[in-house]
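Visitor: any chance you can model this:
(chains A and B)
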Number of protein chains: 2
Amino acid sequence: MSTLNVHFLPSLVAAEDLVGATVVVIDVLRATTTITYALAAGASAVIPCLDVGDALRIKASCPAGTVVLGGERGGKRIEGFDLGNSPAEYTPETVGGRVVVFTTTNGTRAIEHCRLATRVLLGAFVNLSAVSRAVSDDENVHLLCAGTRGKFTREDVLLAGAIGVRMARDEAGTPSANWRPAPKFNEQARIAAGHWLDLVDAGGAMPARGRLIWELRDSLGGRDLVELGELGFDADIEAAAETDRFDVVPCWDRDSGAIRAR
Amino acid sequence: MSTLNVHFLPSLVAAEDLVGATVVVIDVLRATTTITYALAAGASAVIPCLDVGDALRIKASCPAGTVVLGGERGGKRIEGFDLGNSPAEYTPETVGGRVVVFTTTNGTRAIEHCRLATRVLLGAFVNLSAVSRAVSDDENVHLLCAGTRGKFTREDVLLAGAIGVRMARDEAGTPSANWRPAPKFNEQARIAAGHWLDLVDAGGAMPARGRLIWELRDSLGGRDLVELGELGFDADIEAAAETDRFDVVPCWDRDSGAIRAR
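Guide: A predicted model of the protein is given here:
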């Protein structure tokens, strides 16, 4: 049986407490969603980068055409970058066979917070089943929500709850009506699972796609995006709600600094 | 329409951010429950006290028979104190007409964190309807969960969710099946409400008393109590689950330092 510890913000767990653990980093809107799209589109690797200057230097040091710069500041594409942080920008045409150097506000920092963990995977609704399966045999699993601007954001908590429910279900084999969190869930894992189950139709079906989109749009991260008011951000929310679109689990290798499909 | 901000721990909100607000302090297991029992039993006031030495000094300075010392450290009655932190100890015989000087690990600190707020009320399942009504006309309401040992504890989050759902329902007048958090709920208020609703039977009835007891016993605070293993702590959990037993809303007056029934 696995222990499952959910953290609603990186600041709620010390990096040292992740030693030896498997961590799933969650930033549904939009970093972990977009990185999953990028790898599914055939990017050979994604290099997360805290600093815009570092990203530009990496590109300058590589042969022309091999590196694509992606990411955002304040939600918007960075000047001089090839791509923003919208999942739909990451297609076989734009990133296939290339390395994406990627920097975002919250997600990149959350990944960096896992530098002492044994395994670091990236989770999103678009790879919910794949990432849940990938951690199901691990003994010590943490789900790390990136949050937004240092605050709780509900789209990340909902995904943590969805992964938690899947882990408990696989383990206990009980029907969802009798679902009970495993004793080794921490309180945040139980709260997240309860919130997720409130969304799920009786019987445990994935909530209707429309309902999930509604919830993502109405979360703090979603409202931030909607308020940016630019054409296309609403499409980002819809892209993030494409549950199980991909069978790809992005995995961060601390030594090389690269995220690759597992 | 009210804004509702839930904080899962006192450390998640600065004392300065409570200026001008109504705050409901929540420590279901057991401080805010026990204080409500004490006032309902006819205690003239409860004086929360951070320090055991201060409590002893207050008693020594008052006429014999007018002050009762109550509270806990590590869950257990303090040496030299009259009462512990079990609701059932607070009866008309033990506290009627007397002042209770009260010190506990988490609850007292959470009350102290509200020193800049305009109104400070205490909430528990035993006064859920009364406290929900008491704040329903206020513009700026915060629900402050005490937590346990600096960690999230689910019994407090569940009560915050229950109060939130009542505030939203009163406001919108919609049946629970269509319940939606008000736009002015923060993310923690929405998460708490979602978790609470997962417990509530379809139709919005209070969950069966047995279910609520199960949840309280299985929370971090509940498990701490159960692990203490002493006779009577299980009765404390049952006493805390007596939803709406009292129509009493404890109200802390910062200037006098006393909590009185509102």
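Visitor: contacts, neighbours, all on C-alpha from now
Guide: Will do.
Visitor: burial measure for the residue of the stretch 1-150 of chain A found nearest chain B, as a count.
Guide: Per Cα to the nearest Cα, the residue of the stretch 1-150 of chain A with the smallest distance to chain B is A:Leu12, at 9.4 Å. Under the neighbour criterion other Cα atoms under 10 Å in any protein chain shown, A:Leu12 is assigned a count of 12.
Visitor: and if you look at A:Ala60?
Guide: 11.
Visitor: cool, the one 4 residues further on as well?
Guide: Here the neighbour count serves as a burial measure; for A:Ala64 (other Cα under 10 Å) it reads 9.
Visitor: how many neighbours does the nearest residue to A:Arg154 once chain neighbours are set aside have?
Guide: In this structure, A:Arg154 finds its nearest non-sequential neighbour in A:Ser219, 5.4 Å apart by Cα to Cα, 6 or more residues apart in numbering or on different chains. Number of residues near A:Ser219 (other Cα under 10 Å) recorded here: 21.
Visitor: residue contacts, A:Ser219?
Guide: A:Ser219 sits next to A:Thr153, A:Arg154, A:Glu155, B:Glu187 when contact means Cα atoms under 8 Å, 6 or more residues apart in numbering or on different chains.
Visitor: what is the burial count for the last one?
Guide: Around B:Glu187 sit 24 other residues, with neighbours defined as other Cα under 10 Å.
Visitor: would you map the strands across chain A?
Guide: A:3-7, A:22-26, A:45-48, A:67-73, A:76-77, A:99-103, A:119-123, A:140-145, A:250-253, A:258-261 (DSSP state E).
Visitor: CSV for these, including mean neighbour count, mean pLDDT and distance to A:Phe233?
Guide: Shown next, in CSV, are the strands of chain A (neighbours: other Cα atoms under 10 Å in any protein chain shown; pLDDT from 0 to 100; distance: least, Cα to Cα, whole Å):
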stretch, mean neighbour count, mean pLDDT, distance to A:Phe233
strand A:3-7, 24, 95, 27
strand A:22-26, 28, 98, 19
strand A:45-48, 26, 96, 22
strand A:67-73, 23, 95, 13
strand A:76-77, 18, 90, 10
strand A:99-103, 26, 97, 18
strand A:119-123, 27, 98, 20
strand A:140-145, 26, 97, 21
strand A:250-253, 23, 98, 23
strand A:258-261, 22, 97, 25
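Visitor: adding distance to A:Thr91, write those strands out as TSV.
Guide: Below are those laid out as TSV (distance: least, Cα to Cα, whole Å):
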stretch	distance to A:Thr91
strand A:3-7	32
strand A:22-26	22
strand A:45-48	14
strand A:67-73	12
strand A:76-77	17
strand A:99-103	12
strand A:119-123	19
strand A:140-145	26
strand A:250-253	16
strand A:258-261	15
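Visitor: turn these into TSV, columns for distance to chain B.
Guide: Formatted as TSV, the strands of chain A follow (distance: least, Cα to the nearest Cα, whole Å):
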stretch	distance to chain B
strand A:3-7	10
strand A:22-26	16
strand A:45-48	27
strand A:67-73	23
strand A:76-77	23
strand A:99-103	25
strand A:119-123	20
strand A:140-145	13
strand A:250-253	27
strand A:258-261	30
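Visitor: and the two most separated of the contacts of A:Ser219?
Guide: Using Cα to Cα, the two most remote members of those are A:Glu155 and B:Glu187, lying 9.7 Å apart.
Visitor: which residues are common contacts for these two?
Guide: By Cα under 8 Å, 6+ apart, the residues touching both A:Glu155 and B:Glu187 are A:Ser219, A:Leu220.
Visitor: return the residues of the stretch 151-262 of chain A in contact with chain B.
Guide: Contacts of the stretch 151-262 of chain A with chain B, taken as Cα under 8 Å from any Cα of the partner chain, map to A:152-154, A:187-188, A:191-199, A:219-220.
Visitor: compare these and tell me which is most surrounded.
Guide: A:Ala193 (31 neighbours).
Visitor: not counting residues beside it along the chain, what's closest to that residue?
Guide: The shortest distance from A:Ala193 to any non-neighbouring residue, by Cα to Cα, 6+ apart, is to A:Gly161 (3.8 Å).
Visitor: residues touching the one you found, list them.
Guide: A:Ala189, A:Arg190, A:Ile191, A:Ala192, A:Ala193, A:Gly194, A:His195, A:Trp196, A:Leu197.
Visitor: got these as TSV, with pLDDT columns?
Guide: Below are the contacts of A:Gly161 laid out as TSV (pLDDT from 0 to 100):
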residue	pLDDT
A:Ala189	94
A:Arg190	92
A:Ile191	93
A:Ala192	94
A:Ala193	90
A:Gly194	87
A:His195	87
A:Trp196	89
A:Leu197	84
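Visitor: which ones among these map onto helices?
Guide: Among the contacts of A:Gly161, the members found in helices (DSSP state H) are A:Ala189, A:Arg190, A:Ile191, A:Ala192, A:Ala193, A:Gly194, A:His195, A:Trp196, A:Leu197.
Visitor: report the two of the residues you listed separated the most.
Guide: Spatial extent of these (Cα to Cα) is set by the pair A:Ala189 and A:Leu197 at 12.1 Å.
Visitor: next one, pLDDT for A:Val226 please.
Guide: Predicted confidence (pLDDT) for A:Val226: 84.
Visitor: ok, now A:Leu231?
Guide: 62.
Visitor: show the contacting residues for A:Gly257.
Guide: A:Ile47, A:Pro48.
Visitor: at 7 Å instead, please
Guide: Each residue near A:Gly257 by Cα atoms under 7 Å, 6 or more residues apart in numbering or on different chains is listed here: A:Ile47.
Visitor: which non-adjacent residue is nearest A:Phe233?
Guide: Using Cα to Cα, 6+ apart and skipping the chain neighbours, the partner closest in space to A:Phe233 is A:Leu225 (6.2 Å).
Visitor: distance of that neighbour relative to B:Asp224?
Guide: To B:Asp224, A:Leu225 is 41 Å away according to Cα to Cα, to the nearest Å.
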